[in-house]
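Student: please work out how this folds:
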Amino acid sequence: MQVTTLCRYPVKSMLGEDVPELVVDEGGALGDRALAVIDTATGRVATAKQPKLWRRLLQCSAAGDPGRVHITLPDGRTIEIDSDDAARPLSELLEREVRLADQRPDGAEMERADPEEVLAKGIDAASNYVTGPVARATPGTSFVDYAPLHLITTATLDRLDVEAVRYRPNLIVTTPPGFPAFGENEWVGKELSIGDVRLSAITATPRCAVPTLEHGDLPRSPQAVRGPMAENRVEVAIPGRGALPCAGVYLTVLQGGTISTGDQLVIG
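Tutor: You can find the predicted model right below:
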């Protein structure tokens, strides 16, 4: 198995960038989800998991190394993160007052809509959501959803026939012929090695409403969640979550280093 694509997302819930390598440590990939939009009214982290409020974030893209990140808005305007009024055009786009944060505060929370309700009732009709912690299994200050890294295989992507960008992985691994779709499920509890980097697969990755939404120029795709709902409901190792539609696997970092495209992945 080979790592064929590496991705990072400098601002949470915005489109990201493919990169030739990722430097990883126990907090995840350097520069990944290093920034987030914060709802000034509630103090919560803005994420497209609550599409009624924040789906327009997926019309923005972010790129650049830490300290040099820039955001491109849907109309093509570019925001430099270190400018004094960086939050103003985002507030206008999102129709809510927001600010940008580069450090995850203690107790940071986000809202997550029920993906089945979003599919059944539509983006604006869906109102039920739960509030939970950001980056519960990740040390440091990044704004990852739960774990430091997220991996998905080409076997799973091919089975679902969905663009990888919708699942927002850090690593896409090309698998050999005959490798089963959702085979990542079997890696949970095992150690993965990529060069000198050692990782631990801790749980299958539950899917929220985000993959179904518009991503840049990509239209909505209900199949992106309906596929896992039909074929891969898994009892996830996340407190209080139970059996959920999953695609991919969450990873923690046992030994950091640099992962490059073309590196081989070894299980065990």
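
Student: what is the neighbour count of the residue lying closest to E214 once chain neighbours are set aside?
Tutor: In space, not counting the residues next to it along the chain, E214 is nearest to R220; the distance is 5.6 Å by Cβ to Cβ, 6 or more residues apart in numbering. All C-beta spots, glycine's among them, are computed from the backbone N, C-alpha and C. Each residue near R220 was counted by other Cβ atoms under 10 Å, and the total is 14.

Student: can you check D85 too?
Tutor: 8.

Student: likewise for the one 4 residues further on?
Tutor: Using other Cβ under 10 Å as the criterion, P89 is surrounded by 17 other residues.

Student: quick check: it is in a helix.
Tutor: Yes: assignment of P89 by DSSP: H, G, I helix; E, B strand; the rest coil places it within a helix.

Student: can you pull the contacts of it?
Tutor: Listed by Cβ atoms under 8 Å, 6 or more residues apart in numbering, the contact set of P89 reads L73, R77, I79.

Student: my guess is the residue nearest to E214 contacts A209. True?
Tutor: No: contact between R220 and A209 fails when scored by Cβ atoms under 8 Å: they sit 10.3 Å apart.

Student: mind listing the strands for the stretch 51-200 of the chain?
Tutor: 61-63, 70-72, 78-80, 98-101, 109-113, 129-133, 149-153, 171-174, 191-194, 197-206 (DSSP state E, counting those that start in this stretch).

Student: please state the offset of stretch 213-223 from the chain centre?
Tutor: Relative to its chain's centre, stretch 213-223 lies at 15 Å (Cα atoms, centre = their mean, to the nearest Å).

Student: where's the nearest residue to L57 once chain neighbours are set aside, which helix or strand?
Tutor: Closest residue in space to L57, ignoring its immediate chain neighbours: S13 at 4.1 Å, by Cβ to Cβ, 6+ apart. Assigned by DSSP states H and E, S13 belongs to neither a helix nor a strand.

Student: for S13, give me its contacts.
Tutor: By Cβ under 8 Å, 6+ apart, the residues touching S13 are A36, V37, A46, T47, A48, K49, W54, L57, L58, V210.

Student: roughly how far apart are it and I79?
Tutor: Here the criterion is Cβ to Cβ, to the nearest Å. By it, S13 lies 15 Å from I79.

Student: same question, N128
Tutor: Distance from N128 to I79, by Cβ to Cβ: 32 Å.

Student: these two - which one has more neighbours?
Tutor: Neighbours per residue (other Cβ under 10 Å) separate N128 from I79, with I79 holding more: 21 against 10.

Student: what's across from the more buried one in the sheet?
Tutor: I71 (DSSP bridges).

Student: quick one: pLDDT of it?
Tutor: Note on I79: pLDDT of 94.

Student: mind listing what's buried along stretch 216-232?
Tutor: Applying a neighbour-count criterion of 16 or more other Cβ atoms under 10 Å, one finds S221, Q223, A224, V225, R226, G227, P228, M229, N232 buried in stretch 216-232.

Student: for Q103, state which of the contacts of S13 is nearest.
Tutor: A36 (9.5 Å; Cβ to Cβ).

Student: and the closest one, that's in a strand?
Tutor: Yes: A36 sits within a strand when classified using three-state DSSP.

Student: counting neighbours, what do you get for it?
Tutor: 26.

Student: contacting residues around it?
Tutor: V11, K12, S13, V45, A46, T47, L100, A101, R104, V134, F143.

Student: max pairwise distance over the residues you listed: which two?
Tutor: Checking the contacts of A36 with Cβ to Cβ, the most distant pair is L100 and V134, at 15.1 Å.

Student: and those two? Which one has more around it.
Tutor: Shown here are L100 and V134; by other Cβ under 10 Å, V134 has more neighbours (22 against 17).

Student: do you know which of the strands of the stretch 51-200 of the chain lies nearest G240?
Tutor: strand 129-133 (8.3 Å).

Student: partner strands of that closest one, parallel or antiparallel?
Tutor: strand 109-113 (antiparallel).

Student: lovely, talk soon.
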